[in-house]
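In: I would like the atomic coordinates for the input below:
(chains A and B)
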Amino acid sequence: MTKGASASALARSVRHGDLSALECVTQALEALATPASGAAVTDRLEDSARQQATQLDTCRERGETLGPLAGVPFAVKENICTLDGRSACGSRSLAGHRSPFEATAVDRLRRAGAIMVAKTCCDEFGMGSSGEHCAWGPTTNPWDPERVPGGSSSGSAIVVARGAVPLALGSDTGGSARQPAAFCGLVGVKPNYGRVSRWGLVAFASSLDTIAPMTRTVSDAALALRVMAGHDPHDESSSSRPVPDFESSLGKGVSGLRVGLIREFRGHDSLHPAIAVAVDRAARDLEAAGAELREISLPVASYGLPIYYLLSSAEASSNLSRYDGVRYGVRSQGGDDLLGMYEKTRGESLGPEVKRRIMLGTYALSAGYYDEYYGRALRARAVLRSQVERQHRELDLLLCPTTPQPAFRLGEKTREPLEMYEGDLFTVLASLTGQPALTIPAPERVGGLPLGVQLIARPFDEMTLFRAARTLEQAGFRSGSLEPESGQNS
Amino acid sequence: MSEFQAVIGLEVHTQLKTRTKIFCRCEIAPGGEANRRICPVCAGLPGALPALNREAVRLGVRAALALGADVQRESAWARKNYFYPDLPKGYQITQHQQPLAIGGAVEIDPPEASARSIALERLHLEEDAGKLLHGRSAQREFGSGLSGVDLNRCGVPLAEIVSRPEIRSPDEAVLVLEELRSILRVTGVSHGDMEQGSLRCDANVSVHRPGEPLGTRVEIKNLNSFRHLRRALAYEIERQSALRADGGSVAHETRLWDEARRCTRAMRSKEEEHDYRYFPEPDLPTLRVDDRLLAEAVTDMPELPRALRERLVREYALEKADAYRLVLNRGYAAFFEELARGVNHPRLAAKWTLMEVTRLLRERGEKITESAIRPGMLAEVLRMLEQGVISTLSAKRVLQACCDGASPAEIVDRLDLRQITDPEEMEALCETVLAASPEEVASYRAGNRALRAHFIGQVMRQSGGRANPVLADRILARQLASRHGPSDGDGRGTP
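Out: Residues are numbered from 1 along each chain as shown, chains lettered A, B, ... in the order given. Next up is the predicted model:
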């Protein structure tokens, strides 16, 4: 039974010949076909996956060396372009869209032997924190069918939480991988901005977008990131820094590391007491493992939300201009002239949340308002960055909650977008500074729902992030397993 | 033209001569089937990202250096947002607040006016948009009754060069654009071809009474040739002056030159201007020009037009106007310099280059750099002319004939064009001519001196252009003055 097995364990079995890639992939495909996972899947890649698995098995029989992810089935959020399957971004405007090229991150995973088995649903173009803003309908949390899985990487979180695949790619612009990972009891890593090429990741907010691995174990996240990371000539914002071998240093512990607990986040009004307890427990466990703990004050962090929503919406308003029905995607019939065609097409094919962000962003960039909104947000981002940098002169890691609350009820926040935005308070910090951040599930649940604790490391220091996360994992930070088909179909 | 003074500024877009596009590796080539030279990047597909072509930056820096502009070690990319079907991303990647180069100047030194230096505002890089196809060209590509979008041009690298509003007349504007084109061509930065669209020009123009503040500025688009530029500016200056003279005011707007109707038409008013919502392009890092790139940009920097003109005047004692015309097309200047090395009278060589060579090239539909007419060939012809071996008329025939490969000397022999310089032969020739025209001779002797030119013409015709006109004239004069002229009709002159 491969269900629930980690990626590294599966790859080991496949390399050793204990398990065929075809078996791995077949079981993943079957698991994805169940109603509970099926709702999260927009495209199940039966044929291409089986074919690639068979090829891989043939290579093994011939004695060829297999990659570190040999035979590992994985899923990809549908805002990431892949040659197999649709890349519709949860948007009607790209219904049925097939990309003629593949994201570098996906390409690298496949070259390492991983086999893509599904594309997963998401909030439209990555905008939303609940999975409810997907053109193909909402999905539900595997731990509680009345609650949201989180978003925007909702589908990827669901299929990993369900154990159908050990690894899925999400994207994280302001928390879109970390928040659903926290809601679904997973490890979710937002790598440093530029660590993984954005080539093939459909842009939402280009200065913030990252491709993020979502897994059940820390070592799987480390392995996937190591494979995906590194410079890519297709993406000028990708970094040429060397990529360390994250897995080999995982066990080094946290002795001597200095960890700062962000007071403003730990003591935030909106924070659920159980999450506060989880963060405190993480602090204690790290301390017990030899880390030095400090409480720090970062008042500027509370400006993260307005800065984030201004900048990300401004960039989105530009990035989404291309969905005009002229070249690809959906074009509405009946517009009288060019402007009419644009208005009708965009009016009918983009969802309300996306339109809200486009309007917000367009306003923030408009002549006469630029300085007051976009320009000011840019300057504030620079201040935020330098203040966090100052903290890092003495601190290796920052510790805080991932979300203020566990997964909320479906429909609970759709009427109040600002309330939904407020849930991103703790995740936007690392997005704005570009630093790597990781969420790991707390040992306790509240009302059956997982809780996430977040670690943030110095720029490009994912290594330290993984070491601390592994320490916590060994101290019990992992979500228990879901009952098979627990929760319900959505 | 009236009490008003025009103030003109130019915005020139020039296509950089790179092999591939500015943000992807699609090849650039004119013509061809629509939408064949495109990729996910230049077609603006979801998930695609731009990656800068360094050669475009090198050419931009080279142009900036040639124009004396201040190349910025750090410049930035920005997005200019607007919707149009030929703009696949819904924004153009350009440079806004931090251009590649600031300042510089175009110096014009027209033969008929004094030299002026027109300051430049800036030079920045950007990507081109695609083209909309309508009518027949659309029908060929997309089927009848449809308009279409051709994205082949999307992402072609452009440099935009903006002048300060320091130009005072349509003629001056043309001179500035010609000089700029000449610089862009000679430095290898651009083909600078207005017909092909690799050089495009918009103009800002206003009028004011000298001493008063500047008037409201109007932008004119669609100036696709030097002639359009001159006509559109003249029209617009006239229009604005007339408006102002009648007490009206000029609207701040963008107008389009309509060549068919020879007028400018309002395109959009200030209120309808796009709000381009410029902001920093997050997909591209700061553009840094390092020492290596600067060094590469100045490699083999040729002599710039102004320096070349000055040198031609100084070194070959050319007339300023001839030097100007030679330098306008660098191929001509190079041809001339090679030619000048082989002749004694460079001024004559310059005239021949500008007149005869130009005429022959036009007839043959050739470019000077690729023509069969070579400078060495013309030098030989001119030497024979200088030495009196052939006449000017024959020289033209020889030049024309040797386009087909034979050497000038061969042609002179083959066509028997060697000039008649032998006095005895010339005497006989003149006598024949006078003997055949007794009435004209009588008329001449009666005082109609203008007929002398007629006699020379006859001698030239009789000799098939070979007679030396100076010698012929001298001998004719003597024979006409002589009593024993052939008009006596004794047939002595008959050969």
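
In: Checking the residue of the stretch 351-495 of chain B found nearest chain A next. Helix, strand or coil?
Out: For the stretch 351-495 of chain B, the residue closest to chain A is residue B:369, as judged by CB to the nearest CB, at 37.1 Å. No exception for glycine: its C-beta is placed from N, CA and C like everyone else's. Of the three states, residue B:369 takes coil under DSSP: H, G, I helix; E, B strand; the rest coil.

In: need the residues of the stretch 201-350 of chain B near chain A, please.
Out: B:275, B:277-280, B:282-285 (CB under 8 Å from any CB of the partner chain).

In: Buried subset of these, written for PyMOL?
Out: Restricted to buried positions by 16 or more other CB atoms under 10 Å in any protein chain shown, the PyMOL selection for these reads:
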select buried, chain B and resi 277+278+279+280+282+283+284
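
In: Is it possible to get JSON lines of the residues of the stretch 201-350 of chain B next to chain A that adds secondary structure and pLDDT?
Out: JSON lines is the format used below for these (DSSP: H, G, I helix; E, B strand; the rest coil; pLDDT from 0 to 100):
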{"residue": "B:275", "secondary structure": "coil", "pLDDT": "92"}
{"residue": "B:277", "secondary structure": "coil", "pLDDT": "96"}
{"residue": "B:278", "secondary structure": "coil", "pLDDT": "97"}
{"residue": "B:279", "secondary structure": "strand", "pLDDT": "97"}
{"residue": "B:280", "secondary structure": "strand", "pLDDT": "97"}
{"residue": "B:282", "secondary structure": "coil", "pLDDT": "97"}
{"residue": "B:283", "secondary structure": "coil", "pLDDT": "98"}
{"residue": "B:284", "secondary structure": "coil", "pLDDT": "98"}
{"residue": "B:285", "secondary structure": "coil", "pLDDT": "97"}
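
In: Contacts only, for residue B:472.
Out: Applying CB atoms under 8 Å, 6 or more residues apart in numbering or on different chains to residue B:472 gives the contacts B:426, B:429-430, B:456, B:459-460.

In: average pLDDT across stretch A:106-113?
Out: Mean per-residue pLDDT for stretch A:106-113: 98.

In: now swap in stretch B:408-427 and tell me
Out: 82.

In: Out of the contacts of residue B:472, who's the most crowded?
Out: In terms of neighbour count, residue B:430 stands highest of those at 28 neighbours, by other CB atoms under 10 Å in any protein chain shown.

In: can you pull the contacts of that one?
Out: Residue B:430 touches B:455, B:459, B:472, B:475-476, B:479, counting by CB under 8 Å, 6+ apart.

In: now with 10 Å?
Out: B:455-456, B:458-459, B:462, B:467, B:471-480, B:486, B:493 (CB atoms under 10 Å, 6 or more residues apart in numbering or on different chains).

In: Just the residues you listed: which are in helices?
Out: B:455-456, B:458-459, B:462, B:471-480 (DSSP state H).

In: Put the buried members of those residues into a ChimeraX selection.
Out: Here is the ChimeraX command that selects the buried residues among those (16+ other CB under 10 Å):
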select /B:455,456,458,459,462,471,472,473,475,476,479,480
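
In: Go through the ones in helices among the contacts of residue B:430 and name the one nearest residue B:177.
Out: residue B:456 (45.8 Å; CB to CB).

In: give me every residue that touches the closest one.
Out: Taking CB under 10 Å, 6+ apart as the test, what residue B:456 contacts is B:430, B:433, B:467, B:469-470, B:472-473, B:476-477.

In: farthest-separated two in those residues?
Out: Farthest apart among the contacts of residue B:456 - using CB to CB - are B:433 and B:470, which lie 16.1 Å from each other.

In: neighbour count winner among those two?
Out: residue B:433 (27 against 12).

In: what distance separates the helix or strand where that one lies from the centre of its chain?
Out: According to DSSP states H and E, residue B:433 maps onto helix B:423-435. Mean C-alpha position of helix B:423-435 versus that of the full chain (CA atoms, centre = their mean, to the nearest Å) differs by 48 Å.

In: circling back to that earlier point, with respect to residue B:175, which of the ones in helices among the contacts of residue B:430 is nearest?
Out: Distances from residue B:175 to the ones in helices among the contacts of residue B:430, taken by CB to CB, are shortest for residue B:456, at 41.5 Å.

In: Could you measure from that closest one over to residue B:419?
Out: As judged by CB to CB, to the nearest Å, residue B:456 and residue B:419 stand 14 Å apart.

In: Please apply the same query to residue B:384.
Out: For residue B:384, the distance to residue B:419 - CB to CB - is 9 Å.

In: Check residue A:472 too.
Out: Residue A:472 is 105 Å from residue B:419, by CB to CB.

In: swap in residue A:278?
Out: Residue A:278 is 109 Å from residue B:419, by CB to CB.

In: What helix or strand is the nearest residue to residue B:180 once chain neighbours are set aside located in?
Out: Using CB to CB, 6 or more residues apart in numbering or on different chains and skipping residues adjacent in sequence, the residue nearest residue B:180 is residue B:106, 5.3 Å away. Secondary structure assignment for residue B:106, by DSSP H and E: strand B:105-108.

In: List the beta-bridge partners for the residue nearest to residue B:251 when sequence neighbours are not counted.
Out: Closest residue to residue B:251 apart from its sequence neighbours, by CB to CB, 6+ apart: residue B:269 at 6.4 Å. Beta-bridge pairing for residue B:269 (DSSP bridges): residue B:253.

In: picking that back up, and the pLDDT for the residue nearest to residue B:180?
Out: pLDDT, residue B:106: 96.

In: Can you name the residues that contact it?
Out: B:10, B:12, B:67-68, B:116-120, B:161, B:163, B:166-167, B:175-180, B:182-183, B:305-306.

In: and it, bridged to which residues?
Out: Judged by DSSP bridges, the bridge partners of residue B:106 are residue B:118.

In: and if you look at residue A:119?
Out: Beta-bridge partners of residue A:119, as defined by DSSP bridges: residue A:43, residue A:76.

In: give me every residue that touches it.
Out: A:41-45, A:75-80, A:82, A:84-88, A:155-156, A:169.

In: Excluding sequence neighbours, find me the nearest residue to the residue in chain B that chain A sits nearest to.
Out: Closest to chain A within chain B is residue B:90: 2.3 Å, counting by CB to the nearest CB. Spatial nearest neighbour of residue B:90, excluding adjacent residues (CB to CB, 6+ apart): residue A:321 at 2.3 Å.

In: Now do the same for the one you found: its pLDDT.
Out: pLDDT, residue A:321: 97.

In: What is the burial count for it?
Out: Neighbours around residue A:321, by other CB under 10 Å: 23.

In: That one is in contact with residue B:46, isn't it?
Out: No: using CB atoms under 10 Å, residue A:321 makes no contact with residue B:46, being 11.8 Å away.

In: Okay, now the unreliable bits of the stretch 251-400 of chain A?
Out: The stretch 251-400 of chain A contains no residues with pLDDT under 70.

In: Contact residues of it facing chain B?
Out: A:311, A:314-315, A:317-329, A:338-339, A:341-343, A:346, A:361-370, A:374-375, A:378 (CB under 10 Å from any CB of the partner chain).

In: Buried only: go through the residues you listed for me.
Out: In these, the ones that pass as buried (16+ other CB under 10 Å) are A:311, A:314-315, A:317-329, A:341-343, A:346, A:361-365, A:370, A:374, A:378.

In: can you list the domains in chain A?
Out: A:7-254, A:303-376 (automatic domain parsing).

In: Fine by me, we can end here.
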